[in-house]
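Peer 1: Compute the structure for the input listed below.
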Amino acid sequence: MAEQKLFEKFINSLQIDVSEYLDSKLTEFQNNLIEDATFIFKDNIIDEIKKLGGNLKKNKEKFESFLEKAEKELEGEQYKDFQKELKQMFKDYANALRKLIEKTCVAIIPVKEMPWVDVIFRSVPRIVIDKKKVNLLDNAIAYYGEIKCLISKIIIYGKMKDAEPLFAPFMGDLDLEGYKLDDSQKEPKSQIYSYVSAIIKALDSIRTSTQLEKYHAGYQRHGDPICDFLMNKSDLLTSMGKIRSGLESNRISNVSVCGIAIPFINDNTSLILVLDEGNDSDRFGKCFEALIKFSAACCGVPSSQKAGQIQTQTPSQPTGTVRTPGGQELQAWTAEELAQASQQRGGAPPPGMEYWTEENLRMMAEKRTGGIPQGMEVWTEEDLQELARKRKGGSLDIPQWEEDKDLTECVKCGYSLRKGWAECPICETPVGAKISPTPSSLPEDKPDKDKATQEQIADKKEPSESSESSKNRASKKKENSSS
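Peer 2: Here you go, the predicted model:
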């Protein structure tokens with residue numbers, strides 16, 4: 001409906017930040033929810049749990065000001081066609097928003113003997129607009145934390161209608177709807193409530209679900225080294241399969257992404273998050289089990305490295321220009337300049353553009369070289385670098401041609417003969433035939449090789465005829481002498 005799309009666009013423009021209403025004073029509902037979420041691993045808690053819950057009293061004036069500003073915006077010209085319906089929908093939305101804040105809670109839990117320093121639990125209430133109705137869904141929960149391993153790309157996990165769940169690579173940046181991290185914040189990124197909220201919202205975006213579908217259909221669910229590694233973990237797939245996603249809760253009809261791993265390059269860590277939308281009492285155990293197995297698996301993926309083992313500085317390379325053999329000058333960049341340019345672009349290619357990791361390129365190179373015919377020359381990366389170095393110097397190191405000593409020449413036409421040939425493929429002269437060259441008296445002192453060769457072959461083929469001619473000449477000479 002037109003009213004629904006217009007109202008959703010209006011709500012998205014408001015950008016309310018729930019973290020501004022988090023307070024240490026918890027309601028009974030919030031306290032009980034956190035107790036249920038932390039009871040499953042209470043023996044591993046080593047310090048006091050930091051608990052926060054939504055409280056409208058903390059910023060009551062700001063919340064009332066937000067509602068007044070929104071109501072005034074609905075008086076705008078762009079909303080006049082559905083103004084009455086939109087005002088009623090916003091009244092319902094305001095009531096649902098109050099309940100959403102009251103049912104929001106988060107707990108930062110210090111743990112021992114686990115992949116994270118802190119594991120974080122939070123409730124994930126949502127406001128869903130269906131036609132003209134505004135509903136609040138308050139059953140979803142999430143566990144997440146930062147592991148001390150750096151994966152090479154964003155990995156998502158999701159479920160699709162009429163297909164098995166899968167892990168898939170995510171190309172580019174998440175659709176955080178304009179949210180940007182503040183570099184001045186020193187706290188771990190996993191503890192920035194508004195940032196994690198933007199990530200959870202991005203899991204429902206069309207771009208995220210499209211990438212999951214593309215990897216399923218376009219790439220036949222395999223090809224990425226990290227995802228292939230995770231898909232081979234049967235215990236991981238079993239635990240992740242227990243999660244109740246938006247597909248099972250009927251909130252989403254086709255594709256639901258309920259898990260994600262995000263690398264933080266500067267911190268040498270990765271954020272692992274798992275979301276569950278179940279209503280049963282054991283959803284806390286299922287969600288946490290999936291998180292711990294997902295985190296442990298990410299610590300062992302082929303391209304991940306332990307924190308502290310990653311080089312923070314890349315060796316510099318010569319700067320300047322590169323001159324091609326034709327004299328054209330090309331700009332050259334150092335590794336630091338390329339890294340800086342990548343950070344300015346957001347650390348990833350433009351949306352929709354694919355990129356390859358070093359592992360991807362290595363695997364593709366192996367596939368290409370697997371079908372090369374035997375004997376065909378193949379250049380390694382070192383060979384190409386050496387050739388580039390010589391070209392940069394302004395000249396090519398081209399080797400001198402040398403005669404192949406393993407080849408012989410045809411005694412008749414001079415064609416090069418390979419070992420094992422029985423005759424010349426050009427003139428059909430047997431290999432090894434001995435033919436003595438015959439001087440020729442052709443004009444301009446140019447010997448007729450073909451004629452001489454033919455005479456020599458004829459002499460060899462008809463010895464009886466030559467002998468008979470000699471005897472006749474000797475007999476005639478004897479008769480003349482006697483007469």
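
Peer 1: who touches the spatially closest residue to Asp280 that is not a sequence neighbour in this structure?
Peer 2: Of all residues not flanking Asp280 in the chain, Arg244 sits nearest, at 7.9 Å (C-beta to C-beta, 6 or more residues apart in numbering). Backbone N, C-alpha and C define where each C-beta goes, glycine included. Listed by C-beta atoms under 8 Å, 6 or more residues apart in numbering, the contact set of Arg244 reads Asp276, Glu277, Gly278, Asn279, Asp280, Arg283, Lys286.

Peer 1: got it, and Ile49?
Peer 2: Here Ile49 is in contact with Ile34, Thr38, Ala107, Ile108, Ile109, Pro110 (C-beta under 8 Å, 6+ apart).

Peer 1: same for the host helix or strand of the second one, what does it pack against?
Peer 2: Taking DSSP states H and E as the definition, one finds Thr38 inside helix 28-39. Packed against helix 28-39, as judged by 3 or more C-beta pairs under 8 Å, 6 or more residues apart in numbering; DSSP states H and E, are the following elements: strand 50-54, strand 105-110, strand 116-123, helix 283-298.

Peer 1: Can you check which of those gets nearest to Lys161?
Peer 2: Distance to Lys161, taken as C-beta to C-beta, is lowest for helix 283-298 among these, at 20.5 Å.

Peer 1: could I get the closest one in CSV with only the CA atoms?
Peer 2: As requested, the backbone C-alpha atoms of helix 283-298 are provided in CSV (Å, rounded to 0.1, in the frame of the first residue of the first chain):
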residue,chain,number,x,y,z
ARG,A,283,16.4,-20.2,22.9
PHE,A,284,19.1,-18.8,25.1
GLY,A,285,21.1,-22.0,25.2
LYS,A,286,20.6,-22.6,21.4
CYS,A,287,21.7,-19.1,20.5
PHE,A,288,24.8,-19.1,22.8
GLU,A,289,25.8,-22.6,21.6
ALA,A,290,25.7,-21.4,18.0
LEU,A,291,27.8,-18.3,19.0
ILE,A,292,30.5,-20.3,20.7
LYS,A,293,30.8,-22.8,17.9
PHE,A,294,30.7,-20.1,15.2
SER,A,295,33.4,-18.2,17.1
ALA,A,296,35.6,-21.2,17.6
ALA,A,297,35.4,-22.2,13.9
CYS,A,298,36.3,-18.6,12.8
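
Peer 1: separation between the residue nearest to Asp280 and Gly278?
Peer 2: Separation of Arg244 from Gly278 (C-beta to C-beta, to the nearest Å): 4 Å.

Peer 1: Could you do Phe82 as well?
Peer 2: Taken as C-beta to C-beta, the span from Phe82 to Gly278 is 36 Å.

Peer 1: What of Thr429?
Peer 2: Relative to Gly278, and taking C-beta to C-beta, Thr429 is found at 87 Å.

Peer 1: Determine the number of other residues adjacent to Ser184.
Peer 2: Residues lying near Ser184 (other C-beta atoms under 10 Å) number 5.

Peer 1: Please apply the same query to Ser416.
Peer 2: 13.

Peer 1: that's a helix at Glu382, yeah?
Peer 2: Yes. The assignment for Glu382 by DSSP: H, G, I helix; E, B strand; the rest coil puts it in a helix.

Peer 1: Please determine how far it is located from Ala388.
Peer 2: 11 Å.

Peer 1: okay, now the domains of the protein?
Peer 2: Per the record, the chain has its domains at 1-138, 139-303, 407-432, by automatic domain parsing.

Peer 1: Need the winner for burial among the ones you listed.
Peer 2: The highest mean neighbour count among the domains of the chain, using mean count of other C-beta atoms under 10 Å, belongs to domain 139-303: a mean of 18.

Peer 1: hang on, the earlier thing: so what sits against both of Arg244 and Gly278?
Peer 2: With C-beta under 8 Å, 6+ apart as the test, Arg244 and Gly278 both reach Lys286.

Peer 1: So in this protein, where's the weakest helix or strand by average pLDDT?
Peer 2: strand 305-306 (a mean of 44; mean pLDDT, DSSP states H and E).

Peer 1: what helix or strand does Ile127 sit in?
Peer 2: strand 126-130.

Peer 1: hey, what's Val106 bridged with?
Peer 2: For Val106, the beta-bridge assignment (DSSP bridges) gives partners Leu52, Arg122.

Peer 1: what's the angle between the host helix or strand of Leu100 and strand 116-123?
Peer 2: Assigned by DSSP H and E, Leu100 falls within helix 83-102. Here helix 83-102 runs at an angle of 140 degrees relative to strand 116-123 (axes from the mean of the first three to the mean of the last three C-alpha atoms, to 10 degrees).

Peer 1: Who are the packing partners of helix 83-102?
Peer 2: Going by 3+ C-beta pairs under 8 Å, 6+ apart, helix 83-102 lies up against helix 2-14, strand 50-54, helix 60-73, strand 126-130, strand 133-137.

Peer 1: My read is that Glu248 contacts Asp280, right?
Peer 2: No. Using C-beta atoms under 8 Å, Glu248 makes no contact with Asp280, being 11.2 Å away.

Peer 1: For Ala296, which non-adjacent residue is closest in space?
Peer 2: Ala296 sits nearest to Pro115 (C-beta to C-beta, 6+ apart), 5.8 Å away.

Peer 1: Same check on Glu75?
Peer 2: Here the residue nearest Glu75, using C-beta to C-beta, 6+ apart, is Gln83, at 7.6 Å.

Peer 1: All set now, cheers.
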